[in-house]
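Student: show me the folded form of this:
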Amino acid sequence: MKKNKNNLSLIRNRFIFLCFILSSLIIVLLARSFYLQYIEADFLITQGDKKHIKTFTIPSNRGTIYDRNQNPLAVSIPVNNLVIDPKVFLASDRYVELTRSISRILKMDYQSIDAEIKKRSSRRYFVLYRELEKEQINTLKELRRRNYFWLEKDYKRFNPNGEVTTQFIGFNNNEDQGQEGLEYALNEYLSGQDGRKRTLTDTSLNIIRDIEVIDPAKQGRDFISSIDIRIQYIAHSALNDGVKKYKGKRASAVVLDIETGEVLAMVNQPSADMSDLKLRLPQFYKNRAATDKFEPGSTFKTLIIATALEHGIFKASDTIDTIPYSIGSREIKDPSYYGILNLGEILSKSSNVGASRISLSTEPKLFFETLSNLGIGEATTSGFPGETSGTLDSSYQRWRDGMRASLAYGYNVDVNLIQLASAYATIANNGIKKNISLERIDEEARGDRVFSQETSATLLLMLEQVVENSAVRAKVKGYRVGGKTGTAQIAASNYSQNAHNAIFVGVAPISNPKIAVAVIVNEPQGSQYYGGQVAAPIFSTIVSRTLRLIGATPDKI
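Tutor: Here you go, the predicted model:
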C-alpha cells in the first residue's frame, strides 16, 4: 500500500515537472514572439526587404526629330533587353544548362555567349541581348527561376522613313548616342537623363511594386527640322531614278526655301536603311551634299557674271568676241567659235572664252569679296557635322591670269552642294543671302545683301534663257524656271576625259521664286555625261513635283 503511494507521488512530481518545462517553453516562445514582433520588428523588416529590394534604372526617352510638319523622322520606341548578373550566374550549378537554353532562344552560338559572360565574370550587370522579340520574351520568362538574369525595359531609335532620310538623320549606337547626321549634331539636345528607382521584387526579380523614385528620368527635347518629308521623298525618288538611268557612281540633291534658307530636302545615292547593321558603311550613310567638295564647272559662270554686273564692270548688253586666245602655253577656247556674244548669250552658250574674258577684266579682290559674301570657301550655317568649307584661295593678290581664267568656268575653286544652291537662292531672293537652316524657322529670317535687286532681276532672266535655249531638259511644264548646267572633269582622276561630274542648279518659278534646287551626279557612265543631259532632267522632276505640292501658281496654262 505504501509502495503504491510512493509511485503516485513520483508520477505526480514528474507531471508537475513536465508541466513546468512545457510552461517555460511556452513562456520563452511567447517572449521571443513578442520580441520579434514588437521590439525587433523594424530591424527584421528592413533585413528581409534588403533581400528583395533592387535599384533599377528608369530609362529616359530621347527627343523625337520631326519634319517641318511634325511628321516623325526619328523616334524612340520601347524594347526589352536581356540583362544578366555574370558573377551570380557563373557560380550557379545550372550555368551550362541555362546558357545553352538561352543560346537556343536567342539563336546564338553557345560558345560566343559563354565567352561574353566569362569576360565579365566579376560584374553584376551586363546587357547580354538587346531588342528581344515577343516570343523570346515569353520563353525567357518561363525559363527564369533565380536572380541570374532578368528583362529590362529600354528604348530603341527608329527611323520610319528608312533610306530616304538616312544621311540626314544619321543613326545611334547601342548606348543611344548619335553617331552620324542630326542624331550626332544634336546629341546633347536630344539626349535625356536616366533615372533610378527602388523596387520590391520576388526572388526571380519580378517587380512586385515600386517603393520610391530616387532620381526621376529626364526626357530629351524634341527637334522640328526644316525638312519636308514629302519633298524629301520626291528628291529621293528622282535622284534614284536618275542614277539608275545614267549609271552614276554617286549623286546628291538639295532643295532650299529661297525666302528663308531652310533645307527642304537633302538626299544622296547610294543610300541604305541603317537599321541593318551590315549596311552601316560610309558609302551609304555619308551626307555627300554637305561633306563632299567639288569643282562647280560652268555653274560658276553665273557668279562671275553677277560680280561683273554688280560692280559695273560690264552691262548685260555689252558684247565680247569669243575668238580663242592663249594664256602662256594654254589655249582658252569653246567647242566651236560662237562669235560676238552679250553676257546673257555667254551664259546660255556657256562660253569659256566669254566668261574668262569677263573674269580677266574684273579685279580679283571684287571676285574674292563677292564669292566670300556668298559663302564660298566657308561652311554654311547648317551645323551639319563634317560639312566641308570648300576651297577659295584667299590670297587673291597673287591670282595669276591662268587661275583667274579657269575660275570663270569653275576650276581652282571647290564648293559643296549646299553652298552652290545657296548662291543661286541668293540671286533669286533679290540678292539677299539667308543663312542655311536645318531647323524650321517660325520667324522672318534675316539676311545680308550681296547683289542689288537690279542685278538679281537681270540674272534671273539670263538663267531663264539658259533653260529656254540650251538646258531644255530642265524645263518644267507650266512654270518658268532658270538655271545653269555644269560639266566638270574630276580633279581626283587627274582631270580624266572619262570622269566627270554632271551638275545643274536652278530656281523656280522665275515669276515668284520659291525653291532653289542643286543636283550633282558623279561619274555618269556612257555617252551622256553632261550636266544638261544628266542632272537637268533630275532637276526638272524635283521642281515639277515640288511646285505642285506646295501649290505654286503656274506661269503658263
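
Student: pLDDT value on Gln489, please?
Tutor: The model reports Gln489 with a pLDDT of 88.

Student: partners of it in the sheet?
Tutor: His500 (DSSP bridges).

Student: in the host helix or strand of Ile305, which residues are buried?
Tutor: Per DSSP states H and E, Ile305 falls inside helix 301-310. Of the residues in helix 301-310, Lys301, Thr302, Leu303, Ile304, Ile305, Ala306, Thr307, Ala308, Leu309, Glu310 count as buried by neighbour count, 16 or more other CB atoms under 10 Å. From N, CA and C alone the C-beta is placed, and that goes for glycine too.

Student: adding pLDDT and distance to Gly181, write those residues out as JSON lines.
Tutor: Output for those, formatted as JSON lines (pLDDT from 0 to 100; distance: CB to CB, whole Å):
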{"residue": "Lys301", "pLDDT": "98", "distance to Gly181": "33"}
{"residue": "Thr302", "pLDDT": "98", "distance to Gly181": "30"}
{"residue": "Leu303", "pLDDT": "98", "distance to Gly181": "29"}
{"residue": "Ile304", "pLDDT": "97", "distance to Gly181": "34"}
{"residue": "Ile305", "pLDDT": "98", "distance to Gly181": "36"}
{"residue": "Ala306", "pLDDT": "98", "distance to Gly181": "33"}
{"residue": "Thr307", "pLDDT": "98", "distance to Gly181": "35"}
{"residue": "Ala308", "pLDDT": "98", "distance to Gly181": "39"}
{"residue": "Leu309", "pLDDT": "98", "distance to Gly181": "39"}
{"residue": "Glu310", "pLDDT": "98", "distance to Gly181": "37"}
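
Student: and those residues, which is closest to Ile26?
Tutor: Minimum distance to Ile26 across the buried residues of helix 301-310 is 104.9 Å, recorded for Leu303 (CB to CB).

Student: please name the nearest non-neighbouring residue to that closest one.
Tutor: In this structure, Leu303 finds its nearest non-sequential neighbour in Ala423, 6.0 Å apart by CB to CB, 6 or more residues apart in numbering.

Student: please apply the same query to Glu116.
Tutor: In space, Glu116 is closest to Leu128, 6.9 Å off (CB to CB, 6+ apart).

Student: elements contacting the helix or strand harbouring the one you found?
Tutor: Element membership of Leu128 [criterion: DSSP H and E] is strand 126-129. Packing partners of strand 126-129 (3 or more CB pairs under 8 Å, 6 or more residues apart in numbering; DSSP states H and E): strand 72-84, helix 110-118.

Student: which other residues reach the helix or strand following that strand?
Tutor: The helix or strand immediately downstream of strand 126-129 is helix 134-143, counting by DSSP H and E. Under the criterion CB atoms under 8 Å, 6 or more residues apart in numbering, residues Asn80, Leu82, Leu98, Ser101, Ile102, Ile105, Leu106, Leu132, Phe149, Leu151 lie in contact with helix 134-143.

Student: ok, Val154 - contacts?
Tutor: Let me fix one detail, which is that residue 154 is Asp and not Val. Listed by CB under 8 Å, 6+ apart, the contact set of Asp154 reads Pro59, Pro78, Val79, Asn80, Asn81, Arg130.

Student: where are the low-confidence patches of the stretch 351-500 of the chain?
Tutor: Residue ranges of the stretch 351-500 of the chain with pLDDT under 70: 492-496.

Student: how about the strands of it, start to end?
Tutor: Listed in chain order, the strands of the stretch 351-500 of the chain (DSSP state E, counting those that start in this stretch) span residues 432-434, 447-449, 482-489, 500-508.

Student: relative to Gly297, which of the ones you listed is closest?
Tutor: strand 482-489 (3.3 Å).

Student: now for that closest one, which elements pack on it?
Tutor: Using 3+ CB pairs under 8 Å, 6+ apart, the elements in contact with strand 482-489 are helix 453-469, strand 500-508, helix 531-550.

Student: pull the CA atoms of it into CSV?
Tutor: Output of strand 482-489 as CSV, limited to C-alpha atoms (Å, rounded to 0.1, in the frame of the first residue of the first chain):
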residue,chain,number,x,y,z
GLY,A,482,16.0,79.2,-114.7
GLY,A,483,19.3,77.6,-114.0
LYS,A,484,22.8,76.7,-115.3
THR,A,485,24.5,73.5,-116.3
GLY,A,486,27.9,72.4,-115.3
THR,A,487,30.1,69.5,-116.5
ALA,A,488,33.5,69.3,-114.7
GLN,A,489,36.3,66.9,-115.1
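
Student: that one vs helix 301-310, what angle?
Tutor: 120 degrees (axes from the mean of the first three to the mean of the last three CA atoms, to 10 degrees).

Student: which of the helices and strands in the protein ranks last by mean pLDDT?
Tutor: Sorting the helices and strands of the chain by mean pLDDT, DSSP states H and E puts helix 41-50 at the bottom, at a mean of 51.

Student: tell me the spacing between Gln397 and Lys141.
Tutor: Counting by CB to CB, to the nearest Å, the gap from Gln397 to Lys141 is 76 Å.

Student: hey, which of the helices and strands packed on strand 482-489 is tucked in deepest?
Tutor: Burial of the helices and strands packed on strand 482-489 is given as mean neighbour count (mean count of other CB atoms under 10 Å); strand 500-508 ranks first at a mean of 29.

Student: could you give the angle of that strand to strand 482-489?
Tutor: Angle, strand 500-508 to strand 482-489, by the same axes, to 10 degrees: 170 degrees.

Student: circling back: can you tell me which of the buried residues of helix 301-310 is nearest Gly377?
Tutor: Closest to Gly377, out of all of those and judged by CB to CB, is Leu303, at 12.3 Å.

Student: from what I can see that closest one touches Phe368, true?
Tutor: No. Contact criterion CB atoms under 8 Å: Leu303 and Phe368 do not qualify, at 11.8 Å.

Student: contacting residues around the closest residue to Thr381 other than its chain neighbours?
Tutor: Once flanking residues are discounted, Thr381 sits nearest to Asn435: 4.2 Å by CB to CB, 6+ apart. With contact taken as CB under 8 Å, 6+ apart, Asn435 is in contact with Gly261, Thr380, Thr381, Ala445, Arg446, Gly447.

Student: and Gly63, what does it touch?
Tutor: Tyr189, Leu190, Ser191, Gly192, Gln219, Gly220, Arg221, Asp222, Phe223.

Student: run a quick neighbour tally on the first one.
Tutor: As a burial measure, Tyr189 scores 13 neighbours (other CB atoms under 10 Å).

Student: could you tell me the model confidence score at the spatially closest residue to Gly386 that is not a sequence neighbour?
Tutor: Excluding its sequence neighbours, the residue lying closest to Gly386 (CB to CB, 6+ apart) is Thr291, at 4.6 Å. Confidence at Thr291, expressed as pLDDT, is 97.

Student: is it true that Thr291 touches Glu387?
Tutor: Yes. The pair Thr291 / Glu387 is scored as a contact, 6.3 Å apart, by CB under 8 Å.

Student: find the residues that touch each one of those two.
Tutor: Common contact partners of Thr291 and Glu387 (CB under 8 Å, 6+ apart): Asn416.

Student: which of these two has more residues huddled nearby?
Tutor: Each of Thr291 and Glu387 has its neighbours counted (other CB under 10 Å); Glu387 has more, 22 against 18.

Student: in contact with that one, which residues?
Tutor: Going by CB under 8 Å, 6+ apart, the list of residues near Glu387 reads Ala290, Thr291, Ala379, Thr380, Asn416, Ile418.

Student: start and end of stretch 304-320, how far apart?
Tutor: Stretch 304-320 has its terminal residues 15 Å apart, counting by CA to CA, to the nearest Å.

Student: coming back round to it: ok, of the contacts of Gly63, which come out buried?
Tutor: Leu190, Ser191, Gly192, Gly220, Phe223.
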